[in-house]
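Chemist: just a sequence and a predicted model for now, questions to come.
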Protein chains: 2
Amino acid sequence: MSHENHDYPQILRSHGYRVTPQRLIVLDAVCEITGHATLADIHAKVIELDPRIDLSTIYRALDVWCAVGLLVESEIGDEGKVYKISGESNHHHLVCQSCGVVTTISGTALDAMVAEIHTRYDFQINVDHLTLQGKCSRCQMTGLT
Amino acid sequence: MSHENHDYPQILRSHGYRVTPQRLIVLDAVCEITGHATLADIHAKVIELDPRIDLSTIYRALDVWCAVGLLVESEIGDEGKVYKISGESNHHHLVCQSCGVVTTISGTALDAMVAEIHTRYDFQINVDHLTLQGKCSRCQMTGLT
DNA sequence: TTCCTTGTTGCAAAAATTCGCAGTAAATCA
DNA sequence: TGATTTACTGCGAATTTTTGCAACAAGGAA
């Protein structure tokens, strides 16, 4: 995992946040969960590492890590919001609004779009783990709206 | 508004849903609100039209309208989820993750991307009212992560 | 119409998420 | 180091969102 490559305390400080054991534990918890971590996953893992950490603290810590860009939050279909390490296993999801099927596409599939938005609007899209809604090939044929 | 152009009861039925006054009132409420409608907006308007409609019914009705594709839900920065009529005032949002500023871009700006995904994955993205996270030009220069 | 079947509603209760605040502990400076 | 400042935590409570269920009503058949 990319957990080893950064100076997490420094990242927090550079954004004006303080470095606290609770925040580091929450980050550790997400790192130890492979794939997408739900809040329940994270909570369970955090409790394991330190049972005194409150649920509200977990919510706040996740917000902080998302704010500094180290975690990304996304909403894939069913199980609510999920979190993962930013930049890890770069990919996106196509979620069918009719049948709910989730297709994973490569992280570079949207590079051209990102480049164009950057050229036209001077805006750097964070494409890390984007979720796009739409219709899969099968549901397009059924003709439902 | 595009409210007049469709046979809403038929849309519901074709998806296996029943047509109920509550659902129509919720749709009316969203239509009467210009721009993005928050849940509070919608609730207030629905209560005005029929005070006996329960909040949970509003949540469920919004889900139904999103499921049939008549409403779209999105999360722009601050005020939680917002709803709007699908296809109306086609545009997207670029939300800066550092400073929160929201830039609105034209609905056709992403056409090339949509076309490519369709070609490569046979997936028809619903680009109606997409929200992309990233960094605005000013925050790119500050160099914060 | 009237009678069924079964999806929907309103209500109340549960679950999830956010908020306020006093105590605690990072970070800075002497 | 030790003192000071102020952000952060844990806790309780408020708020928001979801869920279970009995009564109700929409849609189809007779």
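Modeler: In hand now; what should we look at? Residues are numbered from 1 along each chain as shown, chains lettered A, B, ... in the order given.
Chemist: from here on, contacts and neighbour counts on C-alpha atoms
Modeler: OK.
Chemist: list the buried residues for the helix or strand containing residue A:11?
Modeler: In the assignment (DSSP states H and E), residue A:11 maps to helix A:8-14. The neighbour-count check on helix A:8-14 (16 or more other CA atoms under 10 Å in any protein chain shown) flags A:8, A:11-12 as buried.
Chemist: go on, stretch A:83-90?
Modeler: A:83-87.
Chemist: and chain A, which of its residues are near DNA strand D?
Modeler: A:16-18, A:20-23, A:52-54, A:56-57, A:60-61 (CA under 7 Å from any atom of the strand).
Chemist: drop anything exposed from those residues.
Modeler: Among the residues of chain A next to DNA strand D, the ones that count as buried (16+ other CA under 10 Å) are A:22-23, A:53, A:61.
Chemist: give me the element residue A:61 is part of.
Modeler: When elements are assigned from DSSP H and E, residue A:61 belongs to helix A:55-67.
Chemist: quick one: average confidence on the helix holding residue A:11?
Modeler: Average pLDDT, helix A:8-14: 94.
Chemist: picking that back up, how about the buried ones among the residues of chain A next to DNA strand D, which pair is most distant?
Modeler: A:53 and A:61 (10.8 Å; CA to CA).
Chemist: which residues do the two both contact?
Modeler: Residues touching both residue A:53 and residue A:61 by CA atoms under 8 Å, 6 or more residues apart in numbering or on different chains: residue A:22.
Chemist: turn the residues of chain A next to DNA strand D into a markdown table, including distance to residue A:103.
Modeler: As requested, those are exported to a markdown table (distance: CA to CA, whole Å):
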| residue | distance to residue A:103 |
| --- | --- |
| A:16 | 38 |
| A:17 | 36 |
| A:18 | 38 |
| A:20 | 38 |
| A:21 | 37 |
| A:22 | 35 |
| A:23 | 32 |
| A:52 | 39 |
| A:53 | 36 |
| A:54 | 35 |
| A:56 | 33 |
| A:57 | 33 |
| A:60 | 31 |
| A:61 | 30 |
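Chemist: ok now the helix or strand of chain A with the lowest mean pLDDT, how far from the chain's centre?
Modeler: Across the helices and strands of chain A, mean confidence by mean pLDDT, DSSP states H and E is lowest for helix A:137-142: a mean of 76. Relative to the centre of its chain, helix A:137-142 is centred 29 Å away, using CA atoms, centre = their mean, to the nearest Å.
Chemist: residue ranges with poor pLDDT in chain A?
Modeler: A:1-5, A:77, A:89, A:129, A:142-145 (pLDDT under 70).
Chemist: tell me where it has strands.
Modeler: For chain A, the strands defined by DSSP state E occupy A:37-38, A:71-75, A:81-85, A:91-96, A:102-106, A:124-125, A:131-135.
Chemist: for residue A:42, list the residues it contacts.
Modeler: By CA under 8 Å, 6+ apart, the neighbours of residue A:42 are A:26, A:29-30, A:33.
Chemist: out of the residues you listed, which one sits closest to DNA strand D?
Modeler: Proximity of those to DNA strand D (CA to the nearest atom of the strand) peaks at residue A:26, which lies at 9.0 Å.
Chemist: contact partners for the nearest residue to that closest one once chain neighbours are set aside?
Modeler: Excluding the flanking residues, the one nearest residue A:26 by CA to CA, 6 or more residues apart in numbering or on different chains is residue A:46, at 6.1 Å. Listed by CA under 8 Å, 6+ apart, the contact set of residue A:46 reads A:25-26, A:29, A:53.
Chemist: same thing but at 7 Å, please
Modeler: Taking CA atoms under 7 Å, 6 or more residues apart in numbering or on different chains as the criterion, residue A:46 is in contact with A:25-26, A:29.
Chemist: so it versus DNA strand D, what's the distance?
Modeler: In this view, residue A:46 and DNA strand D are 10 Å apart by CA to the nearest atom of the strand, to the nearest Å.
Chemist: cool, residue A:82 as well?
Modeler: 14 Å.
Chemist: what sits against that residue?
Modeler: Counting by CA under 7 Å, 6+ apart, residue A:82 has contacts A:36-39, A:73-75.
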